[in-house]
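Using only what follows, build the 3D model:
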Amino acid sequence: MATLHGDVVPELTLELARLGLSAQDLGSAMQPVLDTLVTRTAAVGSGYFQWRDQTLTFAARAGSGHMPDGPIMAALLAHGLPGDLPLMDELRAASGVLFFPDTRDDAATAGFPELGVLALLAAPVRARSGELVGALLAHVFTPHLWTADERVLVSHVTSLLSLLAARLDAEERELAAQEGALRALGLCLEARDAETQGHTDRVTALALTLAARLNLPDDERRALRWGAYLHDIGKIGIPDDILRHPGALDAQMWTRMKAHVPDGLSLARQLPFLPATTLDVIACHHERWDGTGYPEGRAGNDIPLPARIFAVCDVFDALTHARPYKAAWSLDDTVAEIRAGRGTHFDPQVVDALLDELDARAPRH
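Residues are numbered from 1 along each chain as shown. Purely as a prediction, here's the structure:
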């Protein structure tokens, strides 16, 4: 444990504030605080637990140091701390950080000695309304009398953390609400388009898998997911006799059908929270690598990568499932078609990622 000097805590708090204010999500805001607790106090491990559905679920992206071993801890990390633990009642009522020098001597820390945690600090994290939204926990595997310096440091950083967590928790809840609304809209569009039930979720899942293979950052993956939900939003205005036509479309019908892309982009722009990548997926999912797609005839890398990823996944799912105008294709025929479009219809690297994924999923004999 590093020694603390009088001027260290304000300087450290300022640096943590700078890092926290620039964080894009709750996990990245928490991480420097958790690291600080492990390096600047006797704590050997720390973690942030977030209140969800009557449990404090562990945000695995926000942990530092050494965690207890064993099946009980593994279950807690997977499923969260039960809401009926005595510590939860203490956190709900606490006005500040709770310090426990020996968990064996306090009923509030029942269950922790069995994990090997013999000293504990627990800081409640509250929303602006005062509601408990999470808890910061740090532990030692031996009894430890928390020093005055440690208490000052922990009180400073957890007060800062509560402010950051309240903001970021609210933002995450808002994102979750937006996510649910966009997926619901996508499912409604799927039903009207007479597509096979499950198309939206299947094509979204496959697109995210390929995005991971191609190392898209997390914010791009979320935007891609939203674009997958809304890619055909412009079909809201397509008449049923075109949308559900059982055969090939005539020239006039086809012109109207292609208009769903600019129409969809226009509608999506009415949702100011949608990121540019989501709009790219809607605008470009019918563009082709060789420039023969629509609506703008964009080619190659001029088509944003998330849209190129989605285009392959959308065609793959459409071919392998029945539609009003066609029967489902076999996997072998679909793969042959996708291969044939490599470098013309589709980005070669995305096709290769899909083929690698399909190969990984194939049963081994």
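
Helices along this protein, start to end?
When assigned using DSSP state H, the helices of the chain occupy the ranges 8-21, 26-40, 71-79, 86-93, 148-192, 199-213, 218-230, 240-243, 251-258, 260-268, 276-284, 305-320, 331-340, 348-361.

got a markdown table for those, with mean pLDDT too?
Output for those, formatted as a markdown table (pLDDT from 0 to 100):
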| stretch | mean pLDDT |
| --- | --- |
| helix 8-21 | 60 |
| helix 26-40 | 79 |
| helix 71-79 | 74 |
| helix 86-93 | 90 |
| helix 148-192 | 74 |
| helix 199-213 | 93 |
| helix 218-230 | 92 |
| helix 240-243 | 82 |
| helix 251-258 | 92 |
| helix 260-268 | 91 |
| helix 276-284 | 96 |
| helix 305-320 | 95 |
| helix 331-340 | 96 |
| helix 348-361 | 95 |
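
how about TSV for the ones you listed, with mean neighbour count and distance to Ala108 added?
(Glycine included, C-beta is placed from N, CA and C.) Output for those, formatted as TSV (neighbours: other CB atoms under 10 Å; distance: least, CB to CB, whole Å):
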stretch	mean neighbour count	distance to Ala108
helix 8-21	14	27
helix 26-40	21	20
helix 71-79	13	17
helix 86-93	17	5
helix 148-192	17	17
helix 199-213	20	42
helix 218-230	22	37
helix 240-243	13	61
helix 251-258	13	65
helix 260-268	19	50
helix 276-284	23	46
helix 305-320	23	48
helix 331-340	14	57
helix 348-361	15	48
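
okay if I get the ones you listed as CSV plus distance to Gly116?
Listed next are these as CSV, based on distance: least, CB to CB, whole Å:
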stretch, distance to Gly116
helix 8-21, 29
helix 26-40, 17
helix 71-79, 9
helix 86-93, 16
helix 148-192, 20
helix 199-213, 35
helix 218-230, 33
helix 240-243, 61
helix 251-258, 64
helix 260-268, 52
helix 276-284, 45
helix 305-320, 45
helix 331-340, 50
helix 348-361, 38
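
closest to Leu137 out of these?
helix 86-93 (8.6 Å; CB to CB).

if we can go back for a sec, ok, which of the helices of the chain comes nearest Ser129?
With CB to CB, the closest approach to Ser129 among the helices of the chain belongs to helix 148-192: 8.8 Å.

where's the closest residue to Arg256 other than its chain neighbours relative to Trp254, distance?
Leaving aside its chain neighbours, Arg256 sits nearest to Ile242 (5.9 Å; criterion: CB to CB, 6 or more residues apart in numbering). Distance, Ile242 to Trp254, by CB to CB, to the nearest Å: 9 Å.

ok, now Phe100?
71 Å.

Likewise for Lys235?
14 Å.

Roughly how far does the closest residue to Pro306 other than its chain neighbours sit from Glu296?
Closest residue in space to Pro306, ignoring its immediate chain neighbours: Leu224 at 4.3 Å, by CB to CB, 6+ apart. Separation of Leu224 from Glu296 (CB to CB): 20 Å.

Next: Leu115.
The gap separating Leu115 from Glu296 is 59 Å, by CB to CB.

and if you look at Ala268?
Between Ala268 and Glu296 the computed distance is 16 Å (CB to CB).

again, but for Asp219
Using CB to CB, one obtains 25 Å as the distance from Asp219 to Glu296.

same check, this time on Ala360
Taking CB to CB, one finds Ala360 at 34 Å from Glu296.

just Pro82 next, same as before
To Glu296, Pro82 is 55 Å away according to CB to CB.

Once you drop chain neighbours, what's closest to Leu206?
Excluding the flanking residues, the one nearest Leu206 by CB to CB, 6+ apart is Cys313, at 4.4 Å.

Isn't the one you found up against Val203?
Yes. Contact criterion CB atoms under 8 Å: Cys313 and Val203 qualify, at 5.0 Å.

list residues touching both of these two?
Shared contacts of Cys313 and Val203 (CB atoms under 8 Å, 6 or more residues apart in numbering): Ala228.

And stretch 320-328, how far out from the chain middle?
How far stretch 320-328 lies from its chain's middle: 32 Å, per CA atoms, centre = their mean, to the nearest Å.

Return the residues in contact with Thr278.
Thr278 sits next to Ala223, Leu224, Trp226, Gly227, Leu230, Ala268 when contact means CB under 8 Å, 6+ apart.

Show the contacting residues for the fifth one.
If a contact means CB under 8 Å, 6+ apart, then Leu230 has Leu182, Leu185, Gly186, Leu189, Gly264, Ala268, Leu274, Thr278, Val281, Ile282 as its contacts.

about what we covered before: what distance do you get for the residue nearest to Arg256 to Ala78?
For Ile242, the distance to Ala78 - CB to CB - is 49 Å.
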